[in-house]
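K.L.:
quick one, what's the 3D model for this:
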Amino acid sequence: MTEDEQAIREVVATWMRASQAGDTPTVLSLMTEDAVFMVPSQEPFGRETFEASANQIAAAGLRIDATYDIVELQVWGDWAFTRNRIDLSITPPAGEPVRRAGYTLTLFRKEGDGCWRIARDANLLALKT
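P.N.:
This next block holds a predicted model:
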């Protein structure tokens with residue numbers, strides 16, 4: 001495994017840990033300033049909308065649990081992508097978990113400071129019954 005591949009795997013692992021901990025500042029540090037996210041039934045959105053949504057999740061006291069598997073990782077110069085299989089559950093303080101599962105396709109860009117960050121993310125998770 002190359003140094004770049006290891007660094008990208010660490011970005012994904014850190015993202016998952018920080019998301020589960022409700023650590024929005026760490027999650028934001030892992031994305032580019034011009035990051036774009038795509039999810040079903042919504043227009044693409046950027047960092048500000050992502051941050052607002054993350055803050056709403058934290059304020060509502062929702063608990064996030066997830067597992068992931070990087071199915072594919074390719075690096076081309078200062079760009080890379082991963083295809084991940086994710087199983088996610090979001091549990092309200094008093095209620096049943098909502099589960100989603102599926103794939104994401106994430107584009108990473110190596111920035112001037114040498115760090116890999118998420119630049120684009122297409123999240124195809126569907127409700128799991």
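
K.L.:
where exactly do the strands run in the chain?
P.N.:
Applying DSSP state E to the chain gives strands spanning 31-38, 63-76, 79-91, 98-110, 116-123, 126-127.

K.L.:
pick the most deeply packed of those strands.
P.N.:
strand 116-123 (a mean of 19; mean count of other Cβ atoms under 10 Å). Every C-beta, even on glycine, is put in place using the N, C-alpha and C of the backbone.

K.L.:
who does that strand touch, helix- and strand-wise?
P.N.:
Judged by 3 or more Cβ pairs under 8 Å, 6 or more residues apart in numbering; DSSP states H and E, the packing partners of strand 116-123 are helix 3-21, strand 31-38, strand 98-110.

K.L.:
grab the most central residue of the protein for me.
P.N.:
In the chain, the centroid-proximal residue (Cα atoms, centre = their mean) is Trp15; its distance is 6.0 Å.

K.L.:
hang on, the earlier thing: now the strands of the chain as JSON lines including distance to Gly46 and mean pLDDT?
P.N.:
JSON lines is the format used below for the strands of the chain (distance: least, Cβ to Cβ, whole Å; pLDDT from 0 to 100):
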{"stretch": "strand 31-38", "distance to Gly46": "6", "mean pLDDT": "98"}
{"stretch": "strand 63-76", "distance to Gly46": "21", "mean pLDDT": "96"}
{"stretch": "strand 79-91", "distance to Gly46": "19", "mean pLDDT": "96"}
{"stretch": "strand 98-110", "distance to Gly46": "14", "mean pLDDT": "97"}
{"stretch": "strand 116-123", "distance to Gly46": "10", "mean pLDDT": "98"}
{"stretch": "strand 126-127", "distance to Gly46": "23", "mean pLDDT": "90"}
